[in-house]
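> Prediction below, plus the sequence it came from.
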Amino acid sequence: MTTLFPRLGLAALALCAAVAQAPAQDRSVRIHNDTGLTLYRFYSTNSGATKWGRDLMGSSTLDSGR
């Protein structure tokens, strides 16, 4: 479990870097879960925001390897 947080941190950092470079418009993001765990929630927001946005997963889940 101790290796999970660095992986998620790197994934979030890469996502933030990609979003920061995108123009101010609707964006599409593809998430590949390589954590070894099922993802139940995924929150994102624009850079510079003070709070996280809504959960983008909704009632969906993302199994590891998908």
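Happy to help now that I have it.
> from here on, contacts and neighbour counts on C-alpha atoms
Will do.
> for this structure, which spans come out with low pLDDT?
Applying pLDDT under 70 to the chain picks out residues 1-25.
> in it, which spans are helices?
Using DSSP state H, the helices of the chain run over 4-21.
> ok, now how distant is residue 44 from residue 56?
Using CA to CA, to the nearest Å, residue 44 is found at 8 Å from residue 56.
> neighbour count winner among these two?
Neighbours per residue, other CA atoms under 10 Å: of residue 44 and residue 56, the larger number sits with residue 44, 16 against 12.
> okay but the more buried one is in contact with residue 54, surely?
Yes: if you go by CA atoms under 8 Å, residue 44 and residue 54 touch, sitting 7.0 Å apart.
> what number of residues lie near the closest residue to residue 55 other than its chain neighbours?
Take residue 55 and drop its neighbours on the chain: the residue closest to it by CA to CA, 6 or more residues apart in numbering is residue 43, 4.7 Å away. Residues within reach of residue 43, counting by other CA under 10 Å, total 11.
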